[in-house]
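Engineer: Sharing a model prediction with you, sequence too.
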Amino acid sequence: MLLGIILSVSTLIVVIALISGVNRYIADRVANLGSTSFFCTRFPIITDVEEYVKAKPPHNKKVTWDDFESLRTT
């Protein structure tokens, strides 16, 4: 019984520590982006094969440096 209590408490502490660490990591990453950041991805979050087939190139071409410069000037 004592072993079960020790394992359950230690497991709870580990889970809380992991969740806290992940939350802090995500908060730091989002905070570092700032309000002047622009994030561009080639593909959205795709969960289906049919969506991937529709989104694959040539529909979504690669972003070039010239594209970046044109976005930066606007």
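Structural biologist: Arrived safely, thanks for sending. Numbering: from 1, shown residues only.
Engineer: What is the least confident helix or strand in this protein?
Structural biologist: helix 49-55 (a mean of 77; mean pLDDT, DSSP states H and E).
Engineer: neighbouring contacts of whatever helix or strand comes next after that one?
Structural biologist: Sequence-wise, the next helix or strand downstream of helix 49-55 (DSSP states H and E) is helix 65-73. For helix 65-73, the surrounding residues in contact (CB atoms under 8 Å, 6 or more residues apart in numbering) are 38, 40. Every C-beta, even on glycine, is put in place using the N, C-alpha and C of the backbone.
Engineer: Please save the CA atoms from helix 65-73 in PDB.
Structural biologist: Once non-C-alpha atoms are left out, helix 65-73 reads as follows in PDB (Å, rounded to 0.1, in the frame of the first residue of the first chain):
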ATOM      1  CA  TRP A  65      13.300  35.100 -51.100                       C
ATOM      2  CA  ASP A  66      11.700  37.400 -53.600                       C
ATOM      3  CA  ASP A  67       8.300  36.500 -52.200                       C
ATOM      4  CA  PHE A  68       9.600  37.300 -48.700                       C
ATOM      5  CA  GLU A  69      10.900  40.700 -49.900                       C
ATOM      6  CA  SER A  70       7.600  41.600 -51.500                       C
ATOM      7  CA  LEU A  71       5.700  40.700 -48.400                       C
ATOM      8  CA  ARG A  72       8.200  42.600 -46.300                       C
ATOM      9  CA  THR A  73       7.700  45.800 -48.300                       C
END
